[in-house]
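S.K.: just need the structure, nothing else, for what follows:
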Amino acid sequence: MASTISKTLKTSSTSQIATVAAGCFWGVEHIYLKNFKDRLLDTKVGYSNGSAESPSYKAVCTGNTNHAEALQISFEPTKITYKELIEFFFLMHDPTTLNSQGPDIGTQYRSIILTHDDNQVKIANEVLKEMQVKWYPNDKIVTVIEPIKNFYDAEEYHQLYLFENPSGYQCPSHFIRTTPK
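M.R.: Numbering: from 1, shown residues only. Below you'll find the predicted structure:
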């Protein structure tokens, strides 16, 4: 049976897990850590909700595994809330583009919130509705909200990639929106 939580993610007895996918996982991890590093316990990039067991980056890039490039976040709810993380999710990428972010195209780049419990489903749906009205009034948000089925850590060289490789590829759609689309 596949795990829904990264095997290497640091957690505590009081931490919670959030899992999101919003295009290339390098940029998603980078922007979350640049904005919330002191408020997050840990992050891992990986592959989620696909059909292959223990997928590789090469396999995921073919589009045949149906995995999304995802970011898993371990956080203490006393330092940052799940709602804050999901609100940020809708502002750090374009949730109105289907299976793509900028020039990155394919189901592995889809916009998806992978929930771990019923409370996360409720919060994610509420935030999506709020963001649709306030930030994306003229374009339909295509983000999918679904239960997490599996999470496989990406290869080690993908972890903290843009911190280790500052001149590496950054998706142009990964920035914080300050005005509605």
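
S.K.: what distance do you get for the residue of the chain positioned farthest from its centre to residue 132?
M.R.: Distance from the C-alpha centroid of the chain peaks at residue 138, with 23.6 Å (Cα atoms, centre = their mean). Distance of residue 138 to residue 132, given as Cβ to Cβ, to the nearest Å: 10 Å. For every residue, glycine as well, the C-beta is placed using N, CA and C.

S.K.: residue 71 now?
M.R.: For residue 71 relative to residue 132 (Cβ to Cβ), the value is 22 Å.

S.K.: more crowded one of those two?
M.R.: Neighbours per residue, other Cβ atoms under 10 Å: of residue 71 and residue 132, the larger number sits with residue 71, 27 against 17.

S.K.: do I have it right that that one meets residue 26?
M.R.: No: between residue 71 and residue 26 there is no contact under Cβ atoms under 8 Å: 9.6 Å.

S.K.: which residues touch residue 82?
M.R.: Contact analysis of residue 82 by Cβ atoms under 8 Å, 6 or more residues apart in numbering lists 16, 18, 75, 119-120, 123.

S.K.: quick one: the helices in this structure?
M.R.: Listed in chain order, the helices of the chain (DSSP state H) span 25-36, 57-61, 82-92, 118-134, 161-164.

S.K.: put the alpha carbons of the fourth one into CSV.
M.R.: When you say that, I think you mean helix 118-134. Extracted in CSV, the C-alpha atoms of helix 118-134 (Å, rounded to 0.1, in the frame of the first residue of the first chain):
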residue,chain,number,x,y,z
ASP,A,118,-12.5,16.2,5.8
ASN,A,119,-11.6,19.5,7.5
GLN,A,120,-9.0,20.2,4.7
VAL,A,121,-11.7,19.5,2.1
LYS,A,122,-14.0,22.0,3.7
ILE,A,123,-11.3,24.7,4.0
ALA,A,124,-10.0,24.1,0.5
ASN,A,125,-13.5,24.4,-1.0
GLU,A,126,-14.2,27.6,0.9
VAL,A,127,-11.0,29.2,-0.1
LEU,A,128,-11.5,28.2,-3.7
LYS,A,129,-14.9,29.9,-3.8
GLU,A,130,-13.5,33.1,-2.1
MET,A,131,-10.6,33.2,-4.6
GLN,A,132,-12.9,32.7,-7.6
VAL,A,133,-14.9,35.8,-6.7
LYS,A,134,-12.1,38.0,-5.4
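
S.K.: how about stretch 81-100: buried residues?
M.R.: 82, 84-90, 92-97, 99-100 (16 or more other Cβ atoms under 10 Å).

S.K.: how about the strands in the protein?
M.R.: Counting by DSSP state E, one finds strands in the chain at the ranges 16-22, 40-48, 68-75, 100-101, 104-105, 111-115, 144-147, 151-153.

S.K.: sounds good, over and out.
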